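Asker: I would like the atomic coordinates for the input below:
(2 chains)
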Protein chains: 2
Amino acid sequence: MNAPTAAAHLLPEINLRDVPQALIDALQARFAAQCSLAQAVREQHGRDEGSFQAPPPSAVVFAQNTQDVADAVKLASQYEVPVIPYGAGSSLEGHLLAVQGGISIDVSRMNQVLIVNAEDLTVTVQPGITRKALNDAIKDTGLFFPIDPGADASIGGMAATRASGTNAVRYGTMRENVLALEVVTASGEVIHTGTRAKKSSAGYDLTRLMVGSEGTLGIMTEITVRLYPLPEAVSAAICSFPSIEAAVRTTIQTIQLGVPIARVELIDHHTVRMVNAHSKLTLREEPMLLMEFHGSPSSVKEQAETVQDIASEFGGNAFEWASTPEERTRLWTARHNAYFAAVQSRPGCRAISTDTCVPISRLADCLLDSVQEAEESGIPYFLVGHVGDGNFHFGYLLDPNIPEERVTAEDLNHKLVARALSMGGTCTGEHGVGLHKMGFLLDETGAGAVDMMRAIKRALDPKNILNPGKIFAL
Amino acid sequence: MNAPTAAAHLLPEINLRDVPQALIDALQARFAAQCSLAQAVREQHGRDEGSFQAPPPSAVVFAQNTQDVADAVKLASQYEVPVIPYGAGSSLEGHLLAVQGGISIDVSRMNQVLIVNAEDLTVTVQPGITRKALNDAIKDTGLFFPIDPGADASIGGMAATRASGTNAVRYGTMRENVLALEVVTASGEVIHTGTRAKKSSAGYDLTRLMVGSEGTLGIMTEITVRLYPLPEAVSAAICSFPSIEAAVRTTIQTIQLGVPIARVELIDHHTVRMVNAHSKLTLREEPMLLMEFHGSPSSVKEQAETVQDIASEFGGNAFEWASTPEERTRLWTARHNAYFAAVQSRPGCRAISTDTCVPISRLADCLLDSVQEAEESGIPYFLVGHVGDGNFHFGYLLDPNIPEERVTAEDLNHKLVARALSMGGTCTGEHGVGLHKMGFLLDETGAGAVDMMRAIKRALDPKNILNPGKIFAL
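Answerer: Predicted coordinates:
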């Protein structure tokens, strides 16, 4: 780990590559109405939920099957033009921006469940299906797909960013839950990685290499993920605390005791206020933990009693329970809308979201020092966290008309990342590197590891056409 | 998945590269007594527990720290000579054989626990420490490292082969349990991958790429793995069954119901007989499951009752319990000695071990057909399996003086792998590809994926000096 450099948070230069008319003609000939040049369509595909902007891609191809993706990539390769895969558009790190120009390959129409293997707890899907659509499609099997990053992201996008979210503390992240892939390579070939076997030692772990590669090594066209039996019993509880520290220390002790809690989310008092306003709730405006317990009825009871005991030691209030599916949905919807609630709390603002993750023993130190810095900065912010994993997000709410605010926010982010790295943590727990964290990645892993990533990128994508300009500069 | 080719099981040609005297001189100058040229030392480092043979390496360097490894690799790189990392020597797939000549780097003296982070459930070790030594070293922390491949393998070797074993059904494999690495690259540089954070989206997953790369992409010099709290209650039970099918169907239903069983091992009646003879036990000579349950006392009771009910439905006998640590150790030692018990049952024999792993729903079909083929072949064999993961091993016990037996055994293996692949499985659940399964790997993943592995290998090891000739031909 090296000290973060001053340039860590700067957006790399936009450096547009030429998109020849001959390529556009070829795409239109091959894809007809599936290829759009409309300004509005291109603009929609050239942005995400992050705070950066770039010119839109030159064309958008709406792929309907693997062959469409392969053919689009082959054409792009022929003309050495960038291709950027697009799923649900919910990235926060500029992954979808055409910073080197090129074309967008929209896979949202590739949204089918291909094979449910309920007996093996696996399902194979196309990349464009969203996590909610997947869970709807399998709801009669008694199984569910637990990974929940908040947004109704596509499974392809979630795999590409190694997403996780609220349930990861119990069920793991996309890293643990993707078993096998079909991938279109930079030359437009179709390869397969992994199998449906639960484990394997068969050669390099190409599946894990692709997961989290942010579209820079291949475009996923089929994804096999694990499913889990719906728990016999589910209970959600809210617990308010006198301080953030009390909530965090409750979390740390819960994890260290090995309680298999399914969700444990920190929401600070600012965020509770914003959520109350947005979702018309009357939650107590204090730091709180929003928890969920899964298991047999006796196990859920045992887990909840253990955590209530810990919380009480730290001054937490009695749990308020949400035991019906409707009450739980209302609560989790409120949690998932925290980002939008926060953005709406300051009309016209843009949010910069941090994503550090630290070993659980350092969570209180890392988080509390950063809260103090955020308070002192005067910039409105919200704080939420998947604290059971040591992962939390500050969202700094910036007035885009006041450039100094961005400087201040980036400085806060910079200090936070430096603190997390010094504690053995990572600059990004789940959002990915994208455009925003290229400098932080270098600080985190050192030049040697980033050079190894570059060598892999050059070997698998010699023309640098797969989502170029993301993760690292080549 | 393609049909296995006839050449799948042939050992690749031995193709020795020149080891210049100047390199030997340089190694002796740098490493003095840490560099051995003795015939016995070289021979010990040029073989493993598998059935293949090759000439020994030209020298053995006993590394004592990362710098030693880096310096040895730099010298080897300068002379373009292969280097083969050596841990405990317990590989089954010829990983340690110097099929292209070169030098062995023995890391068994790098056997220290570097940092225990008990609060975060992580530990950082050197690669030469064995799993038993690690568990001894941390026994006062209330934590343990669960991965148990049977042999007292080194943590480095286990990471390099993506090992798993008896506890993986509950705790996962090395894939899930390695968090971070220090690695010496092909040029002798030292890089770091991953952090101690529980999750991360920071760039390509180099940790997972190194895990399972069998020494072909780098040499691990520090490894950070997860630990787990020692379960409050542990109970082990044996259950005998009227048939292998009954035992397997009990396992399938246990897994499909989501029982968090910690271990569920199948041992066929041949193996029970061999184990009884070797370990002086009086186990009932019928197919059996050897199980272990971890959790709170109430959870262990609940799990065991559920599995007993399932077993009874399939004609299983009443569980015989081993609840004291001594009784459990005796049982698991007997299980771990099954391989040696089997080999001793046919004096002078060599064992060929299979390692297929299939989705749990196909386990009975895959296993029972292969049992029938093995019985019909007339070759003595044993059968054990980590059946909760769908992984099982036939061991064919060959008389090396009867070449036809090897042909027959390889044919059995060939049919078994073809069957497993046709069911969505893998040719190797935990042993790795090494020399023996290069053809099977191609059958399993197809040429496109193996070509991608080759491209990565060429990019990270352009002189092809890191354990060359393993996993795939270049």
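
Asker: Look at A:Leu266 and give its secondary structure.
Answerer: strand (DSSP: H, G, I helix; E, B strand; the rest coil).

Asker: I'd like to know how far it sits from A:Arg328.
Answerer: For A:Leu266, the distance to A:Arg328 (CB to CB, to the nearest Å) stands at 18 Å. (C-beta placed from N, C-alpha, C; glycine too.)

Asker: quick one, which of these two is more surrounded?
Answerer: Between A:Leu266 and A:Arg328, counted using other CB atoms under 10 Å in any protein chain shown, A:Leu266 has the larger neighbour count: 26 against 16.

Asker: For chain B, what's its nearest residue on the stretch 201-350 of chain A.
Answerer: Distances between the stretch 201-350 of chain A and chain B by CB to the nearest CB are smallest at A:Arg208, namely 3.5 Å.

Asker: Run through the residues that contact the spatially closest residue to that residue that is not a sequence neighbour.
Answerer: Computed as CB to CB, 6 or more residues apart in numbering or on different chains, the closest residue to A:Arg208 that is not its neighbour in sequence is B:Arg208, at 3.5 Å. Contact analysis of B:Arg208 by CB atoms under 8 Å, 6 or more residues apart in numbering or on different chains lists A:Arg175, A:Asp205, A:Arg208, A:Leu209, B:Arg175, B:Val178.

Asker: how does it look with 7 Å?
Answerer: A:Asp205, A:Arg208, B:Arg175 (CB atoms under 7 Å, 6 or more residues apart in numbering or on different chains).

Asker: Check which helix or strand it maps to.
Answerer: helix B:206-210 (DSSP states H and E).

Asker: and stretch A:418-429, how far apart are its ends?
Answerer: 14 Å (CA to CA, to the nearest Å).

Asker: Need the contact partners of it.
Answerer: If you take CB under 7 Å, 6+ apart as the criterion, stretch A:418-429 is touched by A:1, A:3-4, A:355-359, A:362, A:365-366, A:369-370, A:389-391, A:417, A:437, A:440-441, A:443-444, B:195-197, B:199-202.

Asker: Now do that stretch: distance to the chain's middle.
Answerer: 17 Å (CA atoms, centre = their mean, to the nearest Å).

Asker: Phi first, then psi, for A:His393.
Answerer: In terms of degrees, to the nearest 10, the main-chain angles of A:His393 are phi -130, psi 120.

Asker: In the beta-sheet assignment, what are the partners of it?
Answerer: A:Val384 (DSSP bridges).

Asker: Can you get me a residue count around it?
Answerer: 24.

Asker: Test my guess that it contacts A:Val384.
Answerer: Yes. The pair A:His393 and A:Val384 passes the contact test of CB atoms under 7 Å, sitting 5.5 Å apart.

Asker: what about A:Ala151, which SS state?
Answerer: Applying three-state DSSP: A:Ala151 is coil.

Asker: Give me the neighbour count for it.
Answerer: 22.

Asker: can I assume it is in contact with A:Gly89?
Answerer: No. In this structure, A:Ala151 is not within contact of A:Gly89 by CB under 7 Å, at 9.1 Å.

Asker: what about the lengthiest helix in chain A, distance to the chain center?
Answerer: Counting by DSSP state H, the longest helix found in chain A is helix A:403-422. Mean-position distance between helix A:403-422 and its chain equals 20 Å (CA atoms, centre = their mean).

Asker: Only the buried residues of it, if you could.
Answerer: Using 16 or more other CB atoms under 10 Å in any protein chain shown as the test for burial, helix A:403-422 gives A:405-406, A:408-410, A:412-414, A:416-421.

Asker: With chain B in mind, check whether stretch A:361-380 reaches it.
Answerer: Yes. With CB under 7 Å from any CB of the partner chain as the criterion, chain B is reached by stretch A:361-380 at A:Ser361.

Asker: Can you point out the buried residues in that stretch?
Answerer: So for stretch A:361-380, counting by 16+ other CB under 10 Å, buried means A:Ser361, A:Arg362, A:Leu363, A:Ala364, A:Cys366, A:Leu367, A:Ser370, A:Val371, A:Ala374, A:Ile379, A:Pro380.

Asker: Among these, name the ones in helices.
Answerer: Per DSSP H, the buried residues of stretch A:361-380 map to helices at A:Leu363, A:Ala364, A:Cys366, A:Leu367, A:Ser370, A:Val371, A:Ala374.

Asker: In JSON lines, list these along with pLDDT and distance to A:Ala32.
Answerer: What follows is those, written out as JSON lines (pLDDT from 0 to 100; distance: CB to CB, whole Å):
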{"residue": "A:Leu363", "pLDDT": "96", "distance to A:Ala32": "53"}
{"residue": "A:Ala364", "pLDDT": "94", "distance to A:Ala32": "58"}
{"residue": "A:Cys366", "pLDDT": "96", "distance to A:Ala32": "53"}
{"residue": "A:Leu367", "pLDDT": "95", "distance to A:Ala32": "53"}
{"residue": "A:Ser370", "pLDDT": "96", "distance to A:Ala32": "52"}
{"residue": "A:Val371", "pLDDT": "96", "distance to A:Ala32": "54"}
{"residue": "A:Ala374", "pLDDT": "97", "distance to A:Ala32": "51"}
